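1. Sequence plus the predicted model coming up.
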Amino acid sequence: MTLAEAIAAKQARDERGPWFPAGGGSEVPFVTRGGYRLLYMFQPSTRKHAHLDLDRDMFVSDEEIDAILA
């Protein structure tokens, strides 16, 4: 395995890492004015944050979250 392949493999593993409620686990679900039930999440392996739509069981894109929370 080349160095580039090893780096790519590690990045792929990190992206499949588990997500946890943000704030050290203290984040709680909230309902937007539009009725979306969301939970702010954190993925330690990538250091990324995202909003999870609890009704659709999927992450919301940054563009969609801007529209939802505007």
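-> Structure's in. What do you need? Numbers count the residues shown, from 1 in each chain.
2. from here on, contacts and neighbour counts on C-alpha atoms
-> Will do.
3. Which pLDDT value belongs to residue 13?
-> Confidence at residue 13, expressed as pLDDT, is 87.
4. Would you mark the buried spots in stretch 45-55?
-> For stretch 45-55, the neighbour count (16 or more other C-alpha atoms under 10 Å) marks 50-53 as buried.
5. Please read the previous query as pertaining to stretch 34-46.
-> 36-43.
6. Distance across it, terminal residue to terminal residue?
-> Stretch 34-46 has its terminal residues 30 Å apart, counting by C-alpha to C-alpha, to the nearest Å.
7. same check, this time on stretch 29-43
-> 17 Å.
8. how far out from the middle of the chain is that stretch?
-> Remark: stretch 29-43 is offset 11 Å from the chain centroid, using C-alpha atoms, centre = their mean, to the nearest Å.
9. can you give me the strands for this protein?
-> Assigned by DSSP state E, the strands in the chain fall at 20-21, 30-31, 37-43, 48-53, 58-60.
10. Output the contacting helices and strands for the first one.
-> When you say that, I think you mean strand 20-21. For strand 20-21, the packing partners by 3 or more C-alpha pairs under 8 Å, 6 or more residues apart in numbering; DSSP states H and E come out as strand 37-43.
11. and the strand it packs on with strand 48-53, angle?
-> Put simply, strand 37-43 runs at 160 degrees to strand 48-53, going by axes from the mean of the first three to the mean of the last three C-alpha atoms, to 10 degrees.
12. what packs against strand 37-43?
-> So strand 37-43, by 3+ C-alpha pairs under 8 Å, 6+ apart, packs with strand 20-21, strand 30-31, strand 48-53.
13. just to revisit the earlier point, take the buried residues of stretch 45-55 and write them to TSV, including distance to residue 10.
-> TSV is the format used below for the buried residues of stretch 45-55 (distance: C-alpha to C-alpha, whole Å):
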residue	distance to residue 10
50	21
51	24
52	24
53	27
